[in-house]
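>>> Attaching a predicted model along with its sequence, questions to come.
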Protein chains: 2
Amino acid sequence: MPEKNPLNGIITQLKKLPGVGEKSAQRLALFLLSLPKKDVHEFVNEIGYVRDNIKHCEKCYNFTFSNECFICTDITRSQESLCIVAEPKDILALERTCEYKGLYHILGGLVSPIDGVYIETLRINELLSRVKEYPLKEIILAINPTIEGEATILYLTSLLKPFNIPVSKLAYGLPVGSDIDYADDMTLQKALSGRQEVI
Amino acid sequence: MPEKNPLNGIITQLKKLPGVGEKSAQRLALFLLSLPKKDVHEFVNEIGYVRDNIKHCEKCYNFTFSNECFICTDITRSQESLCIVAEPKDILALERTCEYKGLYHILGGLVSPIDGVYIETLRINELLSRVKEYPLKEIILAINPTIEGEATILYLTSLLKPFNIPVSKLAYGLPVGSDIDYADDMTLQKALSGRQEVI
């Protein structure tokens, strides 16, 4: 019985990655085999270590190795602003802008009955106890402009109203560098209704 | 000193992969963190194992875990045909066609003085001793139709001539499903000069 292709195993594993098909997996496998063993060890050890040791921050539910994440423990950040997001990846995107210097709260999803995500499965109680406990001056809803996002925003708005804290959501409108001609009707409508005074 | 973003390490590692930038690396990292620990262990163990144990076949220099690769040890394959390729990835591509059922020889590159690859750095002596040792009935040069490929083919042709074995190279011409209108001049010229009789 002859040996099978020795790369089959590694290709099967690499194909599990999102957006990686047979050919990309082959390319990645050959690339990894071309690296020095030391580098491949570093690569797999880091992935294994992070997966084994990653936890959720006790305050905002972001990823962390300790009890609280690097944002919640950063005392230079404003403790009076709270930005509510759906997933950890939204924090990564917002942090790239370097625009926001407050804290975050991760809901863990958006209301979507069709996918089995109801209000009860989101971290709403945890959010409310944070809002009650800390003297916040601003809440930002950085939530996707989708049906699920809008439903979640609507629910959160009614929930946060009694606290008398200014609550805002991200601006909807034309993406920077885009073309009015190519904008969809909904976006153009939002861009019109949310128009900003220049003079 | 607050903790840094705990995903920085894994993102840095994933960015080493070809074609993976900052955003793709973030996406891959979040995907790996969403998998069960068991799956991630399987993933990193397989990559580490393959990198640590992979060797080159003693005959054709393909990847293998033992002394000879799965192609060289497969007695159902013709031992009288030899296909000469530049890299192991070319074998993967040729095997996908299920068209060729002989053996391979990997040169380890193509003549390219500008990249420091000279004839001496290729596995030519190993090729010649195989050609001398085994009674071959056919040699196929499955080498890229590039400047470097043509130079290598030219050199190999002169080297293999004395053995009186039929030597062929892959056909050049229009790719299947392409459009004559979009073919470059060189390809169209090769397609014309290599035209095949239909009646």
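Thanks, I have the structure now. Residues are numbered from 1 along each chain as shown, chains lettered A, B, ... in the order given.

>>> Domain map for chain A?
Taking automatic domain parsing as the reference, chain A has its domains at A:8-53, A:75-197.

>>> from these, which stretch is densest packed?
Of all the domains of chain A, domain A:8-53 carries the top mean neighbour count, a mean of 17, counting by mean count of other CB atoms under 10 Å in any protein chain shown. Bear in mind the C-beta positions are built from the backbone N, C-alpha and C, glycine included.

>>> which stretch in the domains of chain A is the model least sure about?
Comparing mean pLDDT over those, the weakest stretch is domain A:75-197, at a mean of 91.

>>> wait, does that domain contact chain B?
Yes. Using CB under 8 Å from any CB of the partner chain as the criterion, contacts between domain A:75-197 and chain B involve A:75, A:88, A:89, A:92, A:95.

>>> Redo these as TSV? Include secondary structure.
Listed next are those as TSV, based on DSSP: H, G, I helix; E, B strand; the rest coil:
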residue	secondary structure
A:75	coil
A:88	helix
A:89	helix
A:92	helix
A:95	helix
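
>>> sorry, back to before: figure out which of the domains of chain A is closest to residue B:47.
For those, distance to residue B:47 was read as CB to CB. The smallest value, 5.2 Å, belongs to domain A:8-53.

>>> where along chain A do the helices fall?
For chain A, the helices defined by DSSP state H cover A:8-14, A:22-34, A:37-53, A:88-97, A:124-133, A:147-160, A:185-193.

>>> could the ones you listed go into a markdown table alongside distance to residue B:101?
Putting the helices of chain A into a markdown table (distance: least, CB to CB, whole Å) gives the following:
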| stretch | distance to residue B:101 |
| --- | --- |
| helix A:8-14 | 19 |
| helix A:22-34 | 21 |
| helix A:37-53 | 33 |
| helix A:88-97 | 48 |
| helix A:124-133 | 63 |
| helix A:147-160 | 54 |
| helix A:185-193 | 57 |
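
>>> For stretch A:54-66, what does the pLDDT average out to?
In this model, stretch A:54-66 carries a mean pLDDT of 93.

>>> List the buried residues for that stretch?
When neighbours are counted by 16 or more other CB atoms under 10 Å in any protein chain shown, the buried residues of stretch A:54-66 are found to be A:54, A:56, A:57, A:59, A:60, A:61, A:62, A:63, A:64.

>>> from the middle of its chain, how far away would stretch A:43-51 be?
Centre-to-centre, stretch A:43-51 and its host chain are 21 Å apart (CA atoms, centre = their mean, to the nearest Å).

>>> swap that for stretch A:60-70, sorry
Between the mean C-alpha point of stretch A:60-70 and the mean C-alpha point of its chain there is a distance of 14 Å (CA atoms, centre = their mean).

>>> Same check on stretch A:27-43?
Stretch A:27-43 has its average C-alpha position 29 Å from the chain's average C-alpha position, going by CA atoms, centre = their mean.

>>> Not counting that stretch itself, show me its contacts.
Here stretch A:27-43 makes contact (CB atoms under 8 Å, 6 or more residues apart in numbering or on different chains) with A:7, A:10-11, A:14, A:20, B:13, B:16-19, B:47-48, B:50-52, B:54, B:63, B:88-89.

>>> Repeat the analysis, applying 7 Å as the threshold.
Applying CB atoms under 7 Å, 6 or more residues apart in numbering or on different chains, the external contacts of stretch A:27-43 come out as A:7, A:10-11, A:14, A:20, B:13, B:16-18, B:47-48, B:51-52, B:54, B:63, B:88-89.

>>> quick one, what contacts residue A:94?
A:83, A:100, A:142.

>>> measure the last one to chain B for me?
Between residue A:142 and chain B the distance, using CB to the nearest CB, to the nearest Å, works out to 17 Å.

>>> How about the contacts made by that residue?
With contact set as CB under 7 Å, 6+ apart, residue A:142 has these partners: A:83, A:84, A:85, A:90, A:94, A:170.

>>> what about stretch A:168-178, how long is it end to end?
For stretch A:168-178, the first-to-last residue distance is 24 Å (CA to CA, to the nearest Å).

>>> roughly how far is that stretch from the heart of the chain?
Counting by CA atoms, centre = their mean, stretch A:168-178 comes out at 18 Å from the chain centroid.

>>> repeat for stretch A:100-118
Relative to the mean C-alpha coordinate of its chain, stretch A:100-118 is positioned 9 Å out (CA atoms, centre = their mean).

>>> before we move on, the earlier item: quick one: closest of the helices of chain A to residue B:158.
Nearest to residue B:158 among the helices of chain A is helix A:22-34; the distance by CB to CB comes to 30.5 Å.

>>> still on that earlier bit, wait, which of the domains of chain A is closest to residue B:148?
When the domains of chain A are compared by CB to CB, domain A:8-53 sits nearest residue B:148, at 18.5 Å.

>>> Need the distance between the two termini of that closest one.
End residues of domain A:8-53 are separated by 29 Å (CA to CA).

>>> Measure how far it is from the centre of its chain, please.
Its chain's average C-alpha position is 24 Å from that of domain A:8-53, according to CA atoms, centre = their mean.

>>> now that we're looking at residue A:15, which residues does it contact?
Residues touching residue A:15, when contacts are defined by CB under 7 Å, 6+ apart, comprise A:21, A:22, A:25.

>>> How about residue A:8?
With contact set as CB under 7 Å, 6+ apart, residue A:8 has no partners.

>>> how deep is the nearest residue to residue A:59 once chain neighbours are set aside tucked in, by neighbour count?
Taking CB to CB, 6 or more residues apart in numbering or on different chains, and ignoring the residues beside it in sequence, residue A:59 has residue A:72 as its nearest neighbour in space, at 4.5 Å. Counted with other CB atoms under 10 Å in any protein chain shown, the neighbours of residue A:72 add up to 21.

>>> Surely residue A:72 touches residue A:104?
No. Counting by CB atoms under 7 Å, residue A:72 stays clear of residue A:104, with 8.1 Å between them.
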